[in-house]
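>>> have a look at this prediction, sequence included:
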Amino acid sequence: MSVAPDSGDAETPGADRRPIKARDSGFARRLTALLLKTSITPNQISLLSIAFAAAGAAALYWAQHRPLLFLAALAGIQLRLLCNLLDGMVAVEGGRGSPVGALYNEFPDRVADTVLIVALGYAAGAGWLGWAGALAAALTAYVRVFGGSLGQAQDFRGPMAKQHRMALMSVASLLAFGEALLTADRFVLYLAAWILLIGALLTCATRTSAIVARITGAPTR
């Protein structure tokens, strides 16, 4: 019986696991070794990512009146990503995968993405833009998983995959901190929200095109 690992970045080790260079870093391996000395499970780490995302989203939402909260938002985003890295490493490298790992692979990521991207929209003064970006981000995951349901390797390509969305939001939080010290405008966040939305839609298109190409045997663009 196969056991799906608990991972925010993979369902199985190999082709369907998101490629992340940080897995090979000494820091990630040492931290994984420390976690394996505890009783924490990959599922719990995945759920913790939601807590960090929620904290980052709240900080981003309120940061316009308290600019230092932009730095807290940045920390929340990065800690969310750290959880996404470590849950997979504890599950796969640590051998703590579980039969419900596939659920924890996807659901916490969708929740964390949604709260952060929606908060970005409201922080930018355009709530609808945040909701649209969150929907587009969810669709990128839907296309990826749908390709997997057809027997294909899951496609993690961008230009606005999860790691790209969080990198964009991290940079935007840092730049917005500087902007808030100089002006009351929210141009940085507004621009970031638009880039995220357009990039996510393009990602849906590139992944769909790749799925069709693999089915028909046509070259992937």
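On my side now, so go ahead.

>>> next one: Asp113 from Ala28, what distance?
Counting by CB to CB, to the nearest Å, the gap from Asp113 to Ala28 is 22 Å. Placement of C-beta: from N, CA and C, glycine included.

>>> next secondary structure after the helix or strand where Tyr142 lies?
Under the criterion of DSSP states H and E, Tyr142 resides in helix 127-149. Following helix 127-149 in sequence order, the next helix or strand is helix 162-182 (DSSP H and E).

>>> for the next helix or strand after that next one, packing partners?
Per DSSP H and E, the first helix or strand lying C-terminal to helix 162-182 is helix 187-216. Packing partners of helix 187-216 (3 or more CB pairs under 8 Å, 6 or more residues apart in numbering; DSSP states H and E): helix 101-123, helix 127-149, helix 162-182.

>>> for the ones you listed, which one sits closest to Cys204?
The closest of the helices and strands packed on helix 187-216 to Cys204 is helix 127-149. By CB to CB, the value is 5.1 Å.

>>> which residues are contacting the closest one?
For helix 127-149, the external contacting residues (CB atoms under 8 Å, 6 or more residues apart in numbering) are 11, 16, 106, 109-110, 113-114, 117-122, 124, 153-156, 160-162, 165, 190, 193-194, 196-197, 200-201, 203-204, 207-208, 210-211, 214.

>>> in this structure, where is pLDDT below threshold?
Counting by pLDDT under 70, the ranges of the chain that qualify are 1-19, 21-24, 218-221.

>>> mind redoing it with 90?
The chain contains residues with pLDDT under 90 at 1-29, 31-33, 35-37, 39, 64-65, 87-106, 148, 153-155, 183-185, 216-221.

>>> work out which residue lies at the spatial centre of it.
Lys162 (3.7 Å; CA atoms, centre = their mean).

>>> distance of that residue relative to Ala63?
22 Å.

>>> cool, Leu36 as well?
36 Å.
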